[in-house]
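Enquirer: Any chance you can model this:
(one chain, ligands or ions: 1)
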Amino acid sequence: MPETDVSKEEKKFYEDVPQKNPVFSLKGSGSLDWGMKDRLSRIFSPKTGHTVMLAVDHGYFQGPTTGLERMDISIVPLIPYADALMLTRGILRSLVPPDSNKPIVMRSSGGPSILKELSNEEIAVDIEDAIRMNVSAIALQVFIGGEFETRSVHNMTKLVDAGLRYGIPVMAVTAVGKEMVRDARYFRLACRICAELGAHFVKTYYVPEGFRTVTSSCPVPIVMAGGKKIGELEALTMAYKAIQEGASGVDMGRNIFQSENPVAMIKAVSAVVHKDLTPEKALEMYNDLKSKKRKE
Ligand code: 5RP
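Expert: Numbers count the residues shown, from 1 in each chain. Purely as a prediction, here's the structure:
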């Protein structure tokens, strides 16, 4: 039946205005499908292109890590300040309030504990459960140069295939064995392999020498891993340098939740990542927030 509501003259067809074709600006992600882009835009702010992910998945191989013994007490209050949460499905279901509506990057590999060879991981989540939990991405460890290198790379390609079927991006985490050299050469190799074989973004460590070569040779976004607890200024400096040298965000755990004031620290990290605040200014911000809290 033809339209009868109003005459053609009253309708607005804007015949002379070409349809807008906005570019999806996240690095290397322009050719992805709509669902992928939607999920990635929940993690990476469309305004800044950056993200502050809070990593609290440590229990999957090392149990109740310092600061994560009671995540309902230590981590739930931090949720509003993170752009996304990286955690396991166990913690997601048992402790994270579903109405916090935070994008989830779900740890999807596991197997060995700290008592065994860590590279001997397998995929530990069915893609159906990732869909059921409405996650924004799935994540796993890739052990380039590790004893079970090939297995971990295959875990990733399987997860990428599953993610592609349903529009769920995969974050590969370049794992470093205790005895392995952490330099730009190694991280270029590891990040590039992850991206070439399908990872949609890669989590890797900052290195003072040549980090820009790591970000520039990786065709998808890189988020900087935090690593063991260091001083606040040092951690803010590392995040600042990583962003200035091409990282699209950070995925930090212990340097936030083991800080004397985790809320102040995540706010300071966020200012570095989204507002280019210098480390010195960010430390000032951290100290101000910390002393305000003490006075309350
Ligand atoms: C190891 C991981 C972690 O389990 C975790 O995310 C590490 O966070 P941080 O080192 O910042 O405490 O992915 O690679």
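Enquirer: When you work out contacts or count neighbours from here on, use the C-alpha atoms and nothing else.
Expert: Fine.
Enquirer: My guess is residue 250 contacts residue 226. True?
Expert: Yes - when contacts are counted by CA atoms under 8 Å, residue 250 is listed as touching residue 226 (7.3 Å).
Enquirer: Specify which residue of those two has the higher count of neighbours.
Expert: Higher neighbour count among residue 250 and residue 226: residue 250, with 29 against 23, using other CA atoms under 10 Å.
Enquirer: Tell me who's in contact with residue 146.
Expert: By CA atoms under 8 Å, 6 or more residues apart in numbering, the residues touching residue 146 are 119, 177.
Enquirer: distance of it from residue 176?
Expert: As judged by CA to CA, to the nearest Å, residue 146 and residue 176 stand 8 Å apart.
Enquirer: Ok, residue 90 next?
Expert: Residue 90 is 25 Å from residue 176, where distance means CA to CA.
Enquirer: Likewise for residue 132?
Expert: Distance from residue 132 to residue 176, counting by CA to CA: 31 Å.
Enquirer: ok, those two, which is more surrounded?
Expert: residue 176 (22 against 9).
Enquirer: okay, now the closest residue to that one other than its chain neighbours: neighbour count?
Expert: Ranked by CA to CA, 6 or more residues apart in numbering and with sequence neighbours excluded, the top spatial neighbour of residue 176 is residue 143, at 6.8 Å. Residue 143 is flanked by 24 other residues according to other CA under 10 Å.
Enquirer: just residue 213 next, same as before
Expert: Using other CA under 10 Å, residue 213 has 15 neighbouring residues.
Enquirer: Just the CA coordinates for the helix or strand harbouring it, please, in CSV.
Expert: Assigned by DSSP states H and E, residue 213 belongs to helix 211-216. Extracted as CSV, the C-alpha positions of helix 211-216 are listed here (Å, rounded to 0.1, in the frame of the first residue of the first chain):
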residue,chain,number,x,y,z
PHE,A,211,58.5,0.5,22.0
ARG,A,212,57.4,2.7,19.0
THR,A,213,58.7,0.0,16.7
VAL,A,214,56.5,-2.5,18.5
THR,A,215,53.3,-0.4,18.1
SER,A,216,54.1,0.7,14.5
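Enquirer: avg pLDDT for it?
Expert: Regarding helix 211-216, the rounded mean pLDDT is 98.
Enquirer: so what does whichever helix or strand comes after it touch, helix or strand wise?
Expert: Downstream of helix 211-216, the first helix or strand assigned by DSSP H and E is strand 222-225. Secondary-structure packing of strand 222-225 (3 or more CA pairs under 8 Å, 6 or more residues apart in numbering; DSSP states H and E): strand 201-204, strand 249-252.
Enquirer: ok, the residue nearest to residue 169 when sequence neighbours are not counted to the ligand distance?
Expert: Using CA to CA, 6+ apart and skipping the chain neighbours, the partner closest in space to residue 169 is residue 137 (4.8 Å). Look at residue 137 and the ligand: by CA to the nearest ligand atom, to the nearest Å, they are 14 Å apart.
Enquirer: What is the burial count for residue 137?
Expert: Residue 137 has 28 nearby residues by other CA under 10 Å.
Enquirer: Going along the chain, name the helices of the stretch 101-250 of the chain.
Expert: For the stretch 101-250 of the chain, the helices defined by DSSP state H, counting those that start in this stretch occupy 127-132, 149-166, 184-196, 211-216, 232-244.
Enquirer: got CSV for these, with distance to residue 289 too?
Expert: Putting the helices of the stretch 101-250 of the chain into CSV (distance: least, CA to CA, whole Å) gives the following:
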stretch, distance to residue 289
helix 127-132, 36
helix 149-166, 40
helix 184-196, 35
helix 211-216, 31
helix 232-244, 13
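Enquirer: which stretch among those comes nearest the ligand?
Expert: Closest to the ligand of those is helix 232-244 (CA to the nearest ligand atom; 10.2 Å).
Enquirer: So for that closest one, what gets flagged as buried?
Expert: 232-233, 235-243 (16 or more other CA atoms under 10 Å).
Enquirer: what helices or strands is that helix leaning on?
Expert: Applying 3+ CA pairs under 8 Å, 6+ apart, one finds that helix 232-244 contacts helix 262-275, helix 279-295.
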